Structure formats: C-alpha cells, structure tokens
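[1] the amino acid sequence is not available; the structure is as follows:
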C-alpha cells in the first residue's frame, strides 16, 4: 500500500492515484509527473524511496516493473515511465489538457518532450539535478555545451510560436514544461548563462508554487548521495 502525504486537490476517479518517487533533492524523472499532477490540482498520494539504499533495492520491484522511479498506481493500472505517466494523467484527469489543443502546437510540444525524454545525455551526466545548488559554476565539456545550446534554441523556437501570452513553452503550462522543469533547475544550479526568453522561462518555472514546494522539500531532505554532492 502506498504511504506518504496525501496531496489535496481534484480527483475525477474513485481511488487516489499513487506516485512512487525518489529523492526530491536529486530525482529529475520523479519531478516531472509530480509537477504535472500538483500543478493541475490532481489529488494523489506519494511514496518516496531513498535512492541507492538497500530499502530501495528491496522494495522498488514490487512497485515499479522497470525497477526505477517514478511509477504511478491508479486502481488496477501501473505506469512506470515519466512521460507515459504524464500522458496517463492528461488522458484520465485533464481531458487531454496536458497538451495544447491546436494540432500543430501539440505536435511541436510532443516533439520537444520526446527529445527531452530520449536525449541530452551529456547534460544529464555532467550536470545532474540538485535542487540545493545555488548557482555554483561547474565545468562541463563541449558535448554538454551542445546540449545546453540545443535546449535553449528549442525553448526560443517554441516560445516564438506560442499561440498565447502565457509564460510557458506553448503558452500555458503543460507536459512539455514538466519535462523541461529539471533542466531549469540544472541551469540555475550550475550557473548556466541564460538570456532573454530562456531566462524568462526559467523564472516562470521557478515561480510555480508546485516547483517551489518540490525544491523546498528536496532541500529539507536529510539524505546525501556523494555522486551528486561531489559535483
């Protein structure tokens, strides 16, 4: 049975969904569906498993078929991938509202989210998410810089084509923004240079109450994993 805090909000089906997450200090993949659920006001339960511990290794396979976080349990359905969880949440709780309604804008948003889901390995490896970092510079190689440049180019292109005046990539907050939220934390935490639309977008994500809630929780966590703290 899922344990942890019950987040209040809207639930459209009997039985609250339960989200299995890792450390809020480090787990970028866990942040993505958590942020979408929280920002959308969906009621859900949370179980946090501390990464790289014996308890995690012993418990995760009973909760996630992949042996990784996050995983979502809802009634008899188990979903075990960040983007798939976001898709499920959009379909079941948001009437498809996780994506833009316009088909062309939706196609761009899906493409960007998929690119984030499958790419940017150098950025992920060299600039791991760490919510407590406060703009401390850290060296990275040309491959990571290429990832940074591509992400910023992508953000600018999406903002230029956004159909509304909202501050997010396609105007209103959606799945594509949840997928890139950990990148904003990386950019700020590792003092990546951000200008104009990129800086504005990072600020918009940080202004989300749900984003602040996640970061505050991560900063309060007592666990420290050396592989993240040494960077």
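    Structure's in. What do you need? Remember, predicted model here, so these are calculated numbers, not experimental data.
[2] quick one, helices of this protein?
    For the chain, the helices defined by DSSP state H occupy 28-40, 54-59, 82-93, 103-118, 121-126, 142-160, 175-189, 196-206, 209-220, 226-229.
[3] rank these by pLDDT, which is bottom?
    Looking at the helices of the chain, the lowest mean pLDDT belongs to helix 226-229 (a mean of 88).
[4] before we move on, back to that, ok, which of the helices of the chain comes nearest residue 69?
    Comparison of the helices of the chain against residue 69 by C-beta to C-beta identifies helix 28-40 as nearest, at 5.2 Å. Glycine gets a C-beta too; all of them are placed from N, C-alpha and C.
[5] report all helices and strands that the closest one contacts.
    strand 18-21, helix 82-93, helix 175-189, helix 209-220 (3 or more C-beta pairs under 8 Å, 6 or more residues apart in numbering; DSSP states H and E).
[6] Serialize those to a markdown table and add fields for mean neighbour count and distance to residue 107.
    Compiled in a markdown table, the helices and strands packed on helix 28-40 are given as follows (neighbours: other C-beta atoms under 10 Å; distance: least, C-beta to C-beta, whole Å):
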| stretch | mean neighbour count | distance to residue 107 |
| --- | --- | --- |
| strand 18-21 | 24 | 28 |
| helix 82-93 | 21 | 15 |
| helix 175-189 | 25 | 11 |
| helix 209-220 | 16 | 26 |
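[7] any chance of the ones you listed in TSV with distance to residue 141 as columns?
    As requested, the helices and strands packed on helix 28-40 are exported to TSV (distance: least, C-beta to C-beta, whole Å):
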stretch	distance to residue 141
strand 18-21	30
helix 82-93	26
helix 175-189	15
helix 209-220	26
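[8] per-residue pLDDT, residue 23?
    With respect to pLDDT, residue 23 scores 98.
[9] I'd say it and residue 50 touch.
    Yes - using C-beta atoms under 8 Å as the test, residue 23 is close enough to residue 50 to be in contact (6.1 Å).
[10] more neighbours: which of those two?
    Taking other C-beta atoms under 10 Å, residue 23 and residue 50 do not tie; residue 23 has more neighbours (24 against 14).
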